[in-house]
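> Make a model of this:
(one chain, ligands or ions: 1)
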Amino acid sequence: MKCLLVAGARPNFMKIAPIQRAFFSRRNGHSADVLLVHTGQHYSRNMSDDFFRDLGLPEPDINLEVGSGSHAEQTARIMMAFEPACQEHRPDWVIVVGDVNSTVACALTAKKLGVRVAHVEAGLRSRDMSMPEEINRLCTDAISDLLFTTDAAAVENLRKEGVADARIHFVGNTMIDTLRQQIGRARQLPLPDGLTPGQYAVLTLHRPANVDSPDSLALILGAINAIGDRIPVVFPVHPRTASRLNGIELHSGVRAVEPMSYLPFLSLVASARMVLTDSGGIQEETTVLGVPCLTMRPNTERPITCEIGTNVLVGTDPQRIVREADWILGGHARAGAIPEKWDGRAAERIVDVLFSQAVQAHCLVRE
Ligand code: UD1
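You can find the predicted model right below:
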C-alpha cells in the first residue's frame, strides 16, 4: 500500500505525527510506503520546522513550498503542485487531516485523479459558512472515501448529510494521541521567567473574524487587558494577528511573545489557570488537560468540549469574557470529563482500517 500523508499548516503537524508512526508500529506483516507531503502553507521556522523537531517528524519527502496567498491563490497553488506529485507517485491513498486550505486542495486533486482519499477529523461542523474552515470541511468530507471522526456527533453530522456508514469510522483524536505522547516531556520544561503554575492565563487569537477587523480586535483585547490587570496573561502572537496589533495598547499584565513551538506551548497550557482562545484544537487539548478554556467565538465545531469538557463558548462580548474569566478566578471552574476514544490510540485505529481495506482490495482482485 502506498500513501501520501499530507500536512500544510501548524495544527496539521500534531495530527499526522502519530499516523506516520502507527504505519510502522501496526505493520504486522503488511507493507506500507508512506511519503510525507508538506504543502508549505505554513513555512516560518516557528510555524513549521520547530514542530517537526518537537514531534520527531522526519523531513518531508515532498515539499510543495506554496507559501501564503489569498484563499484562491493558495488553494490553487497547492492543487497545481500536488497534481504532478500524485501522478509521479501513484498512491493508493491520500490522507488529509483537519480543515485548512491544504486539506481541501489535496483531497480535490487526488479525487479527480481517481486516487482514494481518507479524511482524518471528518464530520466537524460549526454551521458557520463565514468560516473558511467550514467550507473546507464540507467539501473534503463530500468527496472523501474514508471519514475518520473524533466523536459521535461528527458521525451523526455525516449520516445526516447522507454519508454511508461503511465510509465512516469513529476512531478518536490524533491530536490527542500526540498530546498524550508528549505531555511528559512538556511538563519537564521550565515555564517562562516570572510565571508560577496555576497563576497565569494563556491567550491565543488568530481567527480572521476576530483579528482582521481593527474594531473587533480592539474590543477583545480590551477585555484581555482587564483580565491582565488581575492575572498575568501570556499571549503567543500568531503572524496574522501580529500584523494587526499596531496601535492597540496592551497592559503590562499582558505579555505578547513570539509564536511558540509545540512542547513549550503544551507546557504553558498544561500549568495555566485558564486559556482564552479562538482556536479549534486548543479547545480539545484543554479538555484533556483539565484546564478551563474560554472560547471567544459564537460557535464551535467541537461541541463535545463544552458538553463534557472544560470549554465554555463565551463569544466576543468583552463584558461576558471578563465575567467568565472572573468566575474561573473566583474558583468556579467546572471539572470536565474526557471524550470517548481520546485515549492516545486513534492513529493506530486509522492505520488498522487502512490495512484492512488493503486486504479486502487484495482479496477482491484475487477473486
Ligand atoms: C491557517 C488555517 C487555519 C488554522 C491556522 C493555524 C486556512 C484557511 N486557515 O490560518 O484554519 O487555524 O492556519 O495557524 O487554512 N504567515 C507567516 N508564516 C507562516 C504562515 C503564515 O508569517 O508560516 C503569515 C502570512 O502573513 C499569512 C498569514 O500569516 O498571510 C496567515 O496565514 P494563512 O496560512 O493564510 O492563514 P492562518 O491565519 O495561519
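
> Low-confidence ranges, the stretch 51-200 of the chain, go.
Nowhere does the stretch 51-200 of the chain drop to pLDDT under 70.

> Quick check: residues of it near the ligand?
Those residues of the stretch 51-200 of the chain that sit near the ligand, judged by Cβ under 6 Å from any ligand atom, are 68, 100, 101, 132, 133. Where you see a C-beta, it was placed from the backbone N, CA and C, and this is true even at glycine.

> need the helices for the stretch 151-300 of the chain, in chain order.
152-160, 174-187, 208-211, 214-228, 239-242, 262-270, 281-289 (DSSP state H, counting those that start in this stretch).

> Show me which positions of stretch 225-241 end up buried.
By neighbour count, with 16 or more other Cβ atoms under 10 Å as the criterion, the buried positions of stretch 225-241 are 225-228, 231-238, 241.

> Which of these sits closest to the ligand?
Compare each of these with the ligand using Cβ to the nearest ligand atom and the shortest gap goes to residue 238, at 5.9 Å.

> measure stretch 339-352 end to end?
Stretch 339-352 has an end-to-end distance of 21 Å (criterion: Cα to Cα, to the nearest Å).

> What is the neighbour count of residue 162?
As a burial measure, residue 162 scores 7 neighbours (other Cβ atoms under 10 Å).

> Find the nearest non-adjacent residue to residue 8, please.
Nearest residue to residue 8 in three dimensions, chain neighbours excluded: residue 102, at 2.6 Å (Cβ to Cβ, 6 or more residues apart in numbering).

> Spell out the residue ranges of the helices in the stretch 1-150 of the chain.
10-25, 49-55, 71-89, 101-112, 132-143.

> What are the contacting residues of the shortest one?
Counting by Cβ atoms under 8 Å, 6 or more residues apart in numbering, the neighbours of helix 49-55 from elsewhere in the structure are 10, 13, 14, 17, 57, 58, 59, 178, 182, 261, 262, 263.

> do you know how far the third one is from residue 241?
If I follow you right, that is residue 14. In this structure, residue 14 and residue 241 are 20 Å apart, going by Cβ to Cβ, to the nearest Å.

> Could you single out the nearest of the buried residues of stretch 225-241 to residue 96?
Proximity to residue 96 was ranked across those by Cβ to Cβ; first place goes to residue 238, at 22.3 Å.

> I'd say that closest one and residue 207 touch.
No - at 9.5 Å, residue 238 and residue 207 do not qualify as touching, with contact defined as Cβ atoms under 8 Å.

> Count the neighbours of residue 112 for me.
12.

> From the ligand, how far off is it?
Taking Cβ to the nearest ligand atom, to the nearest Å as the criterion, residue 112 is separated from the ligand by 20 Å.

> Tell me who's in contact with that residue.
Neighbour list for residue 112: empty [criterion: Cβ under 8 Å, 6+ apart].

> how much space between it and residue 293?
Counting by Cβ to Cβ, the gap from residue 112 to residue 293 is 39 Å.

> circling back to that earlier point, burial count for the residue nearest to residue 8?
29.

> who's in contact with it?
Contact partners of residue 102, counting by Cβ under 8 Å, 6+ apart, are 6, 7, 8, 9, 12, 39, 41, 78, 96.

> Repeat the analysis, applying 6 Å as the threshold.
Residues near residue 102 by Cβ atoms under 6 Å, 6 or more residues apart in numbering: 8, 39, 41, 78.

> Would you mind measuring from the residue of the stretch 101-250 of the chain found nearest the ligand to residue 245?
Scanning the stretch 101-250 of the chain for proximity to the ligand using Cβ to the nearest ligand atom identifies residue 239 as nearest, at 3.4 Å. Distance of residue 239 to residue 245, computed by Cβ to Cβ: 11 Å.

> again, but for residue 316
From residue 316 over to residue 245 the distance is 17 Å, taken as Cβ to Cβ.
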